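1. Using only what follows, build the 3D model:
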Amino acid sequence: MGPLRSLLAASGLLKTATCQGMAPGYIKRADTQKLQTVFEKYASLEIEGVKFMTKEDFVIKYLELLPVANFNKESLHLLCGVLDQSKEGRISFAEFQAFEGNLCAPDALYKTAFQLFDTDGNGTVSFDEFLGILSKTTIHQKIPFNYECDFIKLYFGKDKDRKITYSEFSQFLHDFHEEYASVAFKAMDKEGSGFISSADFEEIMSSVKSHLLTPSIQANLRAAAQGGPNGQSVSYAYFIAFISLLSNMELIKKVYLNATNGSRTVEITKEEFLYSAQMMSQITPLEIDVLFVLCDLLHQTGKVMYSDFQEIAPEQYMKQVTRRITEIKAVANPEERSNFMAVLESLYRFSLGAVAGACGATAVYPIDLVKTRMQNQRTGSYIGELMYRNSFDCFKKVVRHEGFTGLYRGLVPQLLGVAPEKAIKLTMNDLARDKLRHLNDGNLPVWAEMIAGGCGGASQVMFTNPLEIVKIRLQVAGEITSGARVSAWGVIKELGFFGLYKGSRACFMRDVPFSMIYFPSYAHLKAEFADENGYNSPLSLLTAGAIAGMPAASLVTPADVIKTRLQVVARAGQTTYTGTLDAARKIYAEEGFMAFWKGAVARMCRSSPQFGVTLVTYELLQRYFFIDFGGSKPTGQMSEATAGAAIKSDNPDHVGGYQVARPIFTGVESKFGLLLPKFSH
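-> Below you'll find the predicted structure:
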């Protein structure tokens, strides 16, 4: 962790994952009274004044594990049996509370699986109990297991009359699915050659190891098989390496992060990955070969980056942290994205950028007014002209002589112009980044980020210059209390169309470098401030935007000073300028080099928070009003968690351990392949 990350972590701005958020063992037990209230809310059965939950109450109404209609009754009975230790077909509050405690345990996943198989509730699992449950799963129905093999006898005895305890069962369940894959391979390899066809490989993986397959991998199974060293045939070694890779994706992620020093955006080659994997002997070169075959099927670059794991890694949840107000999928998949959809996406971004720009401008407008008056203050050309000693003195005098509303003089025309200005800047930057990323095979180097930022800055000048010349003249008008009242429309009529673009060259010299510095800085700081699960909180977005604005705003101050001098109306006795170079020469000759940095602090104090507010608003609007046009999506809005990381329920009735009940039951299916049919047929 770098010094910047350490500082932010210490200050609480950067959140890192902790065991409390990662394991169900650290979930706090529910209050008994609160748990009793929830139980009685869902319990529909009453016997002699005592309430009980039925199977449907618990599985369907409370946890919503099965559909309301046409549900599979055998699956309902088996799932309810995890709680119903008395085997009476109903759940008492004592059983409901006891299971809540089990869900808070560190080994809740294995305990739940054990209770599923312990159908008579005696604390052990017999072979008949194991067979009774497994025969109901979809895996057994597709490829039957040979229960006369030595593997079964080693655990249950040669006569299969031995009962195994919880600890033994947890190891057995883990080993069983590894053995199941080998048994399926042998069944397909009828000639005993050690090879199976790509079609057989696809069938085994879809049947026995379906819980390891993401949609992307499921769709490319045959291609992945044919990408191996044996073409159309799959060797046993490749088969085992394929399964081992998908089973150990968390270790693969650690190898990648070790190779990139914690970065999630760097592409690395197979050689770099192999070098990093040397320190972790659990990963074999063949498994790495399989990884790069899969990555090549996804994007054909010959390299791998962290985002690839989201399409490969099984047992993975991507938690949507922000509650979305709208969630619209405009296209079914990226391949169906048309030019019309690309135009709609730009209009969507433009609209959100307009709102974000208005919010940012309003938040810092008083600072902008102080900055403008400080930059327009000249020394050495007019006696008695020095009105303000510093920015703070300027702020006080504006409030004293013009009132609080004086700080917002010229805000209305500013908002009318800043909305399209910021909107086109954000939209063009995003559009250019997308195009440059596409031209660079999904990669976006720093030079491309700077070009994209420059495009955004250049595109806004057509809006910025007229907006700022009106704003500046309104802001400095308050300095002369005896002068006639100045209005925005009056300034526009006085200047005319071409006059509104006075100082546009200096404006261009300011905005293009600003955006070339700002947007790449923001993108990298945003990634740096994301927590270990890849999520950016609003505070981290605000901080990244504000910090990125500091160097960008301060370094272009000389161009901003020249632009301001060109755009204000010179009073009697003040120096006038004919153009950008003329202004630069006269300012230097009359006021010295430091005059170019007048208002730098005020400008930095204005631009830094303004762009922080603008960018956090822009990103949050994209989260709240989400529309998927099939293009790129902003990073940092999803929080990654794996099978070992329970995602808490949003249901307020899921209290205590029941916050993770659904992920635990889902984990029993995904980790052990115990997929119970949900519908009756």
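2. Do you know the pLDDT at residue 241?
-> Per-residue confidence at residue 241 stands at 92 (pLDDT).
3. nearest residue to it other than its sequence neighbours?
-> residue 286 (4.2 Å; C-beta to C-beta, 6 or more residues apart in numbering). The C-beta positions use only the backbone N, C-alpha and C, and glycine is treated the same way.
4. And for residue 328?
-> residue 627 (4.6 Å).
5. How much space separates that neighbour from residue 326?
-> 7 Å (C-beta to C-beta, to the nearest Å).
6. So between the two, which is more surrounded?
-> residue 627 (15 against 8; other C-beta atoms under 10 Å).
7. still on that earlier bit, which SS class is the residue nearest to residue 328?
-> Under DSSP: H, G, I helix; E, B strand; the rest coil, the three-state class of residue 627 is strand.
8. tell me the contacts of it?
-> Residue 627 makes contacts with 326, 328, 330, 345, 348, as judged by C-beta atoms under 8 Å, 6 or more residues apart in numbering.
9. How about the first one: what's its closest non-neighbour residue?
-> With C-beta to C-beta, 6+ apart as the criterion, residue 326 has its nearest non-adjacent residue at 5.0 Å, and that residue is residue 625.
10. got it, and the fourth one?
-> Among residues not flanking residue 345 along the chain, residue 629 sits closest, at 3.9 Å (C-beta to C-beta, 6+ apart).
11. give me the low-pLDDT residue ranges for the stretch 201-350 of the chain?
-> Applying pLDDT under 70 to the stretch 201-350 of the chain flags residues 230, 280-281, 314-324, 332-336.
12. Please enumerate the helices of it.
-> 215-219, 221-226, 236-247, 249-259, 270-277, 285-299, 306-312, 339-376 (DSSP state H, counting those that start in this stretch).
13. Would you mind writing the CA trace of the second one as CSV?
-> Extracted in CSV, the C-alpha atoms of helix 221-226 (Å, rounded to 0.1, in the frame of the first residue of the first chain):
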residue,chain,number,x,y,z
LEU,A,221,-16.8,-24.8,-23.5
ARG,A,222,-16.2,-26.5,-26.8
ALA,A,223,-13.9,-23.7,-28.0
ALA,A,224,-12.0,-23.9,-24.7
ALA,A,225,-11.6,-27.6,-25.2
GLN,A,226,-10.3,-27.2,-28.7
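14. Give the buried residues for that helix.
-> Residues of helix 221-226 classed as buried by neighbour count (16 or more other C-beta atoms under 10 Å): 221, 224-226.
15. Just name the closest of the contacts of residue 627 to residue 674, please.
-> Distance ranking of the contacts of residue 627 against residue 674, using C-beta to C-beta, places residue 328 first at 35.3 Å.
16. pretty sure that closest one is touching residue 628, no?
-> Yes: Residue 328 lies in contact with residue 628 (C-beta atoms under 8 Å); the separation is 7.0 Å.
17. Can you get me a residue count around the nearest residue to residue 655 once chain neighbours are set aside?
-> Leaving aside its chain neighbours, residue 655 sits nearest to residue 30 (4.2 Å; criterion: C-beta to C-beta, 6+ apart). Around residue 30 there are 21 other residues, counting by other C-beta under 10 Å.
18. my guess is residue 373 contacts residue 393, does it?
-> No: using C-beta under 8 Å, residue 373 makes no contact with residue 393, being 10.5 Å away.
19. Looking at these two, which is more packed in?
-> Comparing residue 373 with residue 393 by other C-beta under 10 Å, the one with more neighbours is residue 373, at 25 against 13.
20. What are the phi and psi values at the residue nearest to residue 345?
-> Main-chain dihedrals, residue 629, degrees, to the nearest 10: phi -90, psi 10.
21. measure it to residue 355 for me?
-> To residue 355, residue 629 is 18 Å away according to C-beta to C-beta.
22. So which of those two has more stuff around it?
-> For the pair residue 629 and residue 355, the greater number of neighbours falls to residue 629 (22 against 17), based on other C-beta under 10 Å.
23. pLDDT value on that one, please?
-> Residue 629 is given a pLDDT of 81.
24. what's the answer for residue 678, then?
-> 69.
25. ditto for residue 47
-> On the pLDDT scale, residue 47 gets 90.
26. neighbours around it, how many?
-> Neighbours of residue 47 under the rule other C-beta under 10 Å: 10.
27. Look up how far residue 242 lies from it.
-> On the measure of C-beta to C-beta, residue 47 and residue 242 end up 53 Å apart.
28. Repeat that for residue 46.
-> For residue 46, the distance to residue 242 (C-beta to C-beta) stands at 54 Å.
29. neighbour-wise, which of those two wins?
-> Per other C-beta under 10 Å, whichever of residue 46 and residue 242 has more neighbours is residue 242, with 28 against 10.
30. For the stretch 551-681 of the chain, which segments count as strands?
-> Secondary structure of the stretch 551-681 of the chain, counting by DSSP state E, counting those that start in this stretch: strands at 625-628, 638-642.
31. Pick out the shakiest of the ones you listed, pLDDT-wise.
-> Taking the mean pLDDT of the strands of the stretch 551-681 of the chain, strand 638-642 comes last: a mean of 52.
32. what about stretch 43-59, how long is it end to end?
-> 12 Å (C-alpha to C-alpha, to the nearest Å).
33. Show me which residues of it are buried.
-> So stretch 43-59, judged by 16+ other C-beta under 10 Å, has buried residues 43, 51-59.
34. Just the ones in strands from those residues, please.
-> 51-52 (DSSP state E).
35. Residues contacting stretch 279-293, please?
-> The contact list for stretch 279-293, computed with C-beta under 8 Å, 6+ apart, reads 224, 227-229, 237-238, 241-242, 244-245, 248, 251-252, 254-255, 258, 270, 273-274, 277, 302, 304, 312.
36. What's the separation between the closest residue to residue 311 other than its chain neighbours and residue 341?
-> Leaving out its chain neighbours, the residue that sits closest to residue 311 by C-beta to C-beta, 6+ apart is residue 216, at 4.2 Å. With distances taken as C-beta to C-beta, residue 216 is found 21 Å from residue 341.
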